[in-house]
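A.B. asks: Let me see the structure of the following:
(one chain, ligands or ions: 1)
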Amino acid sequence: MSAPILAYTPIEEIEGIRNELRAGFASGKLTPIAYRKYQLLQLVYMLKDNMERFEAALLSDLNRPVLESRMLDIVPTVQEALAQLAGVEKWTRDEKPAFSVNFFAMRPRVRKEPKGTVLIISPFNYPVWLTLGPLAGAIAAGNAALLKPSESTPATSALMTELIGKYLDKDLVRVVNGAVAETTKVLDLQWDHILYTGSGRVARVVATAAAKHLTPVTLELGGKSPVIIDPACDLKMAARRILWGKVVNAGQTCVAPDYILVPRAFQDTFCAALKASYEEFFPDKAAASASYSRIVTPQAAARIAGMLEGTKGTIVFGGEVDTEKRFIAPTLVRDVEGDDSLMSDEIFGPLLPVVPVEDIDAAIKFINARDHPLAIYVFSQDAAVKAKVFNQTQSGGVIANETVIHPGVDGVPFGGIGPSGYGHHTGKYTFDMFTHLRTTLDSPGWIDMILKFRFPPYTAATEKQ
Ligand code: NAD
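C.D. replies: Now for the predicted structure:
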């Protein structure tokens, strides 16, 4: 089947689209909470009415199994829009600071105002959740928004473009499609906030362009998220959860376990457990399985294959590669050293290197010698080991005995630290990202009976007050 064609937005139209969004924002349409709620409901209907079309688009772009598309992309987006709908009324209320004898009479308040016209640039891997999830927060906070989805998922980006035009107010939400040239033009323009989700390399381009206009930026990036294995873990459960975190969406998940640190004496036992899980998940191997995605493009598959070719480790299972068919088998590689090709960059594919270390302390040291990752995972039944990993490392999130699902957990922020990004999103955190906290005072005249001393000329008597 030939790849679907995504119509790129003509570059000369991009500034006009931004200007129309600005006019839409300035019209004040989104000031009433009722209209924000209406747009959020439309977003929910758009996803629910077209669930099967979204599943088909994701199947076309990523060969993604329907269950994964629902569980990790479409349903979490519906839930995110519903969370914004449920929260918007409360979150937009003015806040009163704590009582202060000095200032209460001036009626200090914090108003929750939209930032204005915001830009959301998203990657290919969970294109619905990472594009429309943040959009829900932008709408709830009262902003107009331009979306720039990934050109690497043409079917899904085309579908979002078509449906947004039908379901949402085009004065307030628009899509620009394209690759580097179109995104460069978008980034030349002034925005009131930019949310960028993607690689650290492009994030530097985005942050530099934003700096020109002093635009605030949120960067949701990736990196090498390690897993620490304590021999005192529930091994079967650990193997299942780690392998699932690595094979879901064929490893193209920003919080996928990137590599495993295991005490040397436990490596054989751990690899055997992972192999048993692999055989359970894919009894007829991954190539023949309907439960396994493909890599987004042949070029991306070639990059991952290159990492595997360069390894000095030993393959325990997997290793089959067909870059033209965008297939890379889930592959466990053991006895990997810190300077291996598999350790050079974020893998963002289904390769799982195992790096043997002496003990948990050595694992922590290994992690702390590298960039702060987006996630750190520890599998242990020992509270002291978990506490040690939580307390002695830094990362976007730190998770015991689970993988990958924490970005979808209600009420907690999702974001990185250092090279894995800055800022947070989902739920109220997205609302806050797109909200300006505007201080107001309304000071009565009688205050000057008390504060009159502030006015010149200053005298010895007023200085004492
Ligand atoms: P990418 O950075 O290549 O692309 C993301 C977006 O940037 C796309 O819309 C693309 O068109 C645009 N872009 C690409 N090159 C550009 C350039 N030179 N100038 C301007 N814009 C450009 O990322 P990707 O390959 O789509 O996604 C993979 C990366 O995203 C991984 O590093 C992954 O860890 C990260 N990621 C992070 C999160 C998170 O929430 N932290 C979620 C998903 C993915």
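
A.B. asks: Now do the same for residue 387: helix, strand or coil?
C.D. replies: With DSSP: H, G, I helix; E, B strand; the rest coil as the basis, residue 387 sits in helix.

A.B. asks: Count the neighbours of it for me.
C.D. replies: Neighbours of residue 387 under the rule other Cβ atoms under 10 Å: 13. Bear in mind the C-beta positions are built from the backbone N, C-alpha and C, glycine included.

A.B. asks: Pull out the buried residues from whatever helix or strand residue 361 lives in.
C.D. replies: Per DSSP states H and E: residue 361 is located in helix 360-368. Within helix 360-368, the residues scored as buried using 16 or more other Cβ atoms under 10 Å are 360, 363-364, 366-367.

A.B. asks: for the stretch 1-150 of the chain, what spans make up the helices?
C.D. replies: Along the stretch 1-150 of the chain, the segments classed as helices by DSSP state H, counting those that start in this stretch run 11-26, 33-49, 51-62, 66-69, 75-91, 129-140.

A.B. asks: Redo those helices as a markdown table? Include distance to the ligand and mean neighbour count.
C.D. replies: Output for the helices of the stretch 1-150 of the chain, formatted as a markdown table (distance: least, Cβ to the nearest ligand atom, whole Å; neighbours: other Cβ atoms under 10 Å):
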| stretch | distance to the ligand | mean neighbour count |
| --- | --- | --- |
| helix 11-26 | 13 | 16 |
| helix 33-49 | 19 | 18 |
| helix 51-62 | 12 | 20 |
| helix 66-69 | 15 | 18 |
| helix 75-91 | 12 | 20 |
| helix 129-140 | 6 | 29 |
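
A.B. asks: closest one to residue 456 among those helices?
C.D. replies: helix 11-26 (40.9 Å; Cβ to Cβ).

A.B. asks: so can I have JSON lines of the helices of the stretch 1-150 of the chain showing mean pLDDT?
C.D. replies: As requested, those are exported to JSON lines (pLDDT from 0 to 100):
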{"stretch": "helix 11-26", "mean pLDDT": "98"}
{"stretch": "helix 33-49", "mean pLDDT": "98"}
{"stretch": "helix 51-62", "mean pLDDT": "97"}
{"stretch": "helix 66-69", "mean pLDDT": "96"}
{"stretch": "helix 75-91", "mean pLDDT": "98"}
{"stretch": "helix 129-140", "mean pLDDT": "98"}
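
A.B. asks: For the ligand, what's the nearest residue on the protein?
C.D. replies: residue 222 (1.9 Å; Cβ to the nearest ligand atom).

A.B. asks: Can you classify that residue as helix, strand or coil?
C.D. replies: Following three-state DSSP, we place residue 222 in the coil state.

A.B. asks: what's the closest non-adjacent residue to it?
C.D. replies: residue 254 (4.4 Å; Cβ to Cβ, 6 or more residues apart in numbering).

A.B. asks: right, and that neighbour touches residue 220 too?
C.D. replies: Yes. Here residue 254 reaches residue 220: they are 7.5 Å apart, a contact under Cβ atoms under 8 Å.

A.B. asks: Now do the shared contacts for the two.
C.D. replies: residue 197 (Cβ atoms under 8 Å, 6 or more residues apart in numbering).

A.B. asks: ok now do residue 196, which residues does it touch?
C.D. replies: 121, 202-203, 206-207, 217-220 are the contacts of residue 196 under Cβ under 8 Å, 6+ apart.

A.B. asks: Only whichever of those residues are buried, select them in PyMOL.
C.D. replies: The PyMOL selection below is limited to those of those classed as buried (16+ other Cβ under 10 Å):
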select buried, resi 121+202+203+206+217+218+219+220
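
A.B. asks: Quick check, pLDDT for the residue nearest to residue 46 when sequence neighbours are not counted.
C.D. replies: In this structure, residue 46 finds its nearest non-sequential neighbour in residue 167, 3.9 Å apart by Cβ to Cβ, 6+ apart. pLDDT recorded at residue 167 is 98.

A.B. asks: List, one by one, the residues from this protein near the ligand.
C.D. replies: Counting by Cβ under 6 Å from any ligand atom, the positions of the chain adjacent to the ligand are 121-125, 130, 148, 150-152, 179-180, 183-184, 197-199, 202, 205, 220-222, 254, 346, 348, 374, 416, 421.

A.B. asks: count of neighbours near residue 439?
C.D. replies: By other Cβ under 10 Å, the residues close to residue 439 number 9.

A.B. asks: right, and it touches residue 112 too?
C.D. replies: No. Using Cβ under 8 Å, residue 439 is not in contact with residue 112; the gap is 11.5 Å.

A.B. asks: on that earlier part again, can you tell me which of the contacts of residue 196 end up in strands?
C.D. replies: 121, 217-220 (DSSP state E).

A.B. asks: circling back: the inter-axis angle of the following helix or strand past the helix holding residue 361 versus helix 360-368?
C.D. replies: As assigned by DSSP H and E, the chain's next helix or strand after helix 360-368 is strand 375-379. Relative orientation of strand 375-379 and helix 360-368, computed by axes from the mean of the first three to the mean of the last three Cα atoms, to 10 degrees: 170 degrees.

A.B. asks: Please work out the average pLDDT along strand 375-379.
C.D. replies: Strand 375-379 comes out at a mean pLDDT of 98.

A.B. asks: hey, C-alpha coordinates of it in PDB?
C.D. replies: The C-alpha coordinates for strand 375-379 follow below in PDB (Å, rounded to 0.1, in the frame of the first residue of the first chain):
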ATOM      1  CA  ALA A 375      12.100   8.600  33.500                       C
ATOM      2  CA  ILE A 376      14.000   6.200  35.800                       C
ATOM      3  CA  TYR A 377      12.500   2.900  36.600                       C
ATOM      4  CA  VAL A 378      13.400   0.600  39.500                       C
ATOM      5  CA  PHE A 379      12.100  -2.900  40.000                       C
END
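
A.B. asks: who's in contact with residue 116?
C.D. replies: Per Cβ under 8 Å, 6+ apart, neighbours of residue 116: 22, 25, 143-144, 191-193.
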